[in-house]
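S.K.: Predicted structure and sequence below. I'll ask about it afterward.
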Amino acid sequence: MKFKLLLMMVFCFTIFTSYGQQEISKNKRAILASVEKHEANLIEISDEIWALAESAFEENRSSELLADYAEKQGFKVERGVAGMPTAFVASYGSGSPVISVLGEFDALPGISQKAQPTKDPLNEGEGGHGCGHNLFGTASLGAAIAVKELIESGKIKGTVKFFGTPSEEKYFGKIWMVREGLWNDVDVNISWHPSASIEADVQSSLALVDYKVEFFGQAAHASADPWNGRSASDALELYTTGINYYREHVKPTVRMHYHIQDGGQVVNVVPDYARLWMRVRDTKRSGMMAVYERTMKMVEGAAIMANVDFKISLISGIYEVLVNREGGKIMQANLELLGPIEYTEEEIVFGKKIQEATGKELVGMDSVIKPLKETKEHPGGGSTDVGDVSWNVANINLSVTTAPKDTPWHSWAVVACGGMSIGHKGMSYASKAMAMTMIDLFENQNLVDKVKAEYVKRKGDEIYKAIIPDGPPPINDD
Ligand SMILES: [Zn+2]
């Protein structure tokens, strides 16, 4: 009898482990079915946004494609929010909890690329989705729709919101949406980013500030009477020289970059005008502010040396991401339910060709679900305006594989993967993982409370103060 019982137990255990899907709740199975039902449409939208490759504040058609699809699915869509024509909010349902998801859709200029593993522009000189935001926006909409369908069928109660957030790559559109108070009634926000691995993202990002420096001198003939000239480009060179000397004396967590936008027009004129875009970053906003102050003082020094006038104009700045590990744990559990992404032989070959073309090890794709990582004090990497959202509402982050391991980001290689099945698979996966995490929050108020409590604790007594110039967003700036 005992033996029979043991056999029975072994039998049950085998069924349980070999059919992992059985652990997935009915509502989550409905989520998976919804994402799969919309998949073909979502891929079509993503591919269209990919081919359009519209950049900062010019994402008119991309924004419209997402907003139109949300509207068609029954969402109430408010377009042109926070003074930005391409920003929108799509809402469905009523009452609490209010759970939202972010969707970006802007491209990067100058990195147009075909969906093939060797470098070849789709449209010479045009932009490309080198950060995978075509997948970002579309996957998030897919997640919002799957949740909406469960609210509609009465399986869960509350409100789901999709935020269409423009110009992540240049001006950080979310800071104006935060200024508008758009997350004030949201309990928990979810976000994701295309990546080369899958993880419940519990790392922060770098805070940064952007400002424009202009020098105004006196034009003169460069050979006939240069002594009558006061060179704006001399000041610009002296300024960047100062910045490059300063690099030695900042902490290793600090990053400084500049883009020379105007260094004079011709060789035989002493230029009376020069302009550069300056960026300072650090792991924490507090560290960044001190470097920011110093680099602004140096503008005056350069202007004195070249005997020219100067003007500094703040563009915008963003916070580092406020991590939420309680939220990360919920996301992690759903990643473990979903398991890794399966790739075909052709996709693995495509990935290896990308690695070959970019000088990386030919290891192919990485979609293994690893344990939740420790949160690093100094994460390195880039910056995101999700940071500002995360200081105004509890936020959960996710990364999903949409390109092979070690792919150089913001490059043609990411564009290539985002327009074919490797990107599409990551997109659907992100929709599922985010919607499943949202379902956990809708079903369990205790989880919402835990995530919110961690947000309050991590924020502490820091009062959020956006780095943002007065007036409307810089829609028509160059
Ligand atoms: Zn990005």
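M.R.: Sure thing, it's come through.

S.K.: Using the three-state scheme, assign the closest residue in space to Ser197 that isn't next to it in sequence.
M.R.: Distances taken as C-beta to C-beta, 6 or more residues apart in numbering put Asp366 closest to Ser197, at 5.0 Å, once the chain neighbours are dropped. For glycine as for every other residue, the C-beta is placed from the backbone atoms N, C-alpha and C. Reducing the assignment to helix, strand or coil with DSSP: H, G, I helix; E, B strand; the rest coil, the entry for Asp366 is coil.

S.K.: So Gly351 is in contact with Met365, correct?
M.R.: Yes. In terms of C-beta atoms under 8 Å, Gly351 counts as a neighbour of Met365; the distance is 5.0 Å.

S.K.: Can you show me the helices along this structure?
M.R.: Counting by DSSP state H, the chain forms helices over residues 2-18, 26-52, 60-72, 133-152, 174-179, 232-246, 285-306, 325-338, 345-357, 386-390, 412-418, 421-443, 445-459, given from the N-terminal end onward.

S.K.: What helices and strands are in contact with the shortest one?
M.R.: For helix 386-390, the elements it packs on are helix 174-179, strand 188-195, strand 394-401, judged by 3 or more C-beta pairs under 8 Å, 6 or more residues apart in numbering; DSSP states H and E.

S.K.: can you rerun that using 6 Å?
M.R.: For helix 386-390, the helices and strands in contact under the criterion 3 or more C-beta pairs under 6 Å, 6 or more residues apart in numbering; DSSP states H and E are helix 174-179.

S.K.: which outside residues touch the helix it packs on?
M.R.: By C-beta atoms under 6 Å, 6 or more residues apart in numbering, the list of residues contacting helix 174-179 from outside reads Ala82, Thr165, Ser316, Asp385, Asp388, Val389, Asn392, Ala466, Ile468, Pro473.

S.K.: So in terms of bridging, what pairs with the third one?
M.R.: Same thing as Ser316. With DSSP bridges as the criterion, the beta-bridge partners of Ser316 are Asp210.

S.K.: so how many other residues sit close to it?
M.R.: Residues lying near Ser316 (other C-beta atoms under 10 Å) number 23.

S.K.: what do you get for the fifth one?
M.R.: Residue crowding around Asp388 was assessed by other C-beta under 10 Å; the count is 28.

S.K.: what residues are up against Ala303?
M.R.: Ala235, Phe310.

S.K.: Can you tell me how far it is from Leu337?
M.R.: 59 Å (C-beta to C-beta, to the nearest Å).

S.K.: Hmm, Ser100 and Ala143 touching each other?
M.R.: No. When contacts are counted by C-beta atoms under 6 Å, Ala143 is not listed as touching Ser100 (10.4 Å).

S.K.: These two: which has the busier surroundings?
M.R.: In this view Ala143 and Ser100 are compared by other C-beta under 10 Å, and Ala143 has more residues nearby, 31 against 27.

S.K.: how close does the more buried one get to Asn334?
M.R.: Counting by C-beta to C-beta, the gap from Ala143 to Asn334 is 11 Å.

S.K.: swap in Ile198?
M.R.: In this view, Ile198 and Asn334 are 11 Å apart by C-beta to C-beta.

S.K.: So for those two, which sits in the more crowded spot?
M.R.: Under the criterion of other C-beta under 10 Å, the comparison of Ile198 against Asn334 puts Ile198 first, with 25 against 22.

S.K.: And for the closest residue to Ser191 other than its chain neighbours, the neighbour number?
M.R.: Taking C-beta to C-beta, 6+ apart, and ignoring the residues beside it in sequence, Ser191 has Leu102 as its nearest neighbour in space, at 4.4 Å. Residue crowding around Leu102 was assessed by other C-beta under 10 Å; the count is 28.

S.K.: Looking at strand pairing, list the partners for Leu102.
M.R.: Residues found in beta-bridge contact with Leu102 (criterion: DSSP bridges) are Phe163.

S.K.: Return the distance of it relative to Ala87.
M.R.: Applying C-beta to C-beta, the value for Leu102 to Ala87 is 11 Å.

S.K.: which residues do those two both contact?
M.R.: By the contact definition C-beta under 6 Å, 6+ apart, Leu102 and Ala87 are jointly contacted by no residue.

S.K.: For the residue nearest to Ser191, give me its contacts.
M.R.: If a contact means C-beta under 6 Å, 6+ apart, then Leu102 has Phe163, Thr165, Ser191 as its contacts.

S.K.: excluding its backbone neighbours, what's nearest the second one?
M.R.: The spatial neighbour of Thr165 that comes closest, neighbours along the chain excluded (C-beta to C-beta, 6+ apart), is Lys174 at 5.0 Å.

S.K.: pLDDT score for the one you found?
M.R.: What the model reports as pLDDT for Lys174 is 98.

S.K.: Report the separation between Gly317 and Val254.
M.R.: Here Gly317 is placed at a distance of 14 Å from Val254 (C-beta to C-beta).

S.K.: The two: which is more packed in?
M.R.: Using other C-beta under 10 Å, the more surrounded residue of Gly317 and Val254 is Gly317, with 27 against 18.

S.K.: Tell me how many other residues crowd Glu342.
M.R.: Every residue meeting other C-beta under 10 Å relative to Glu342 is counted, giving 9.

S.K.: Can you verify my assumption that Asp365 contacts Tyr343?
M.R.: For the record, residue 365 is Met, not Asp. Yes. Judged on C-beta under 6 Å, Met365 makes contact with Tyr343 at a distance of 5.1 Å.
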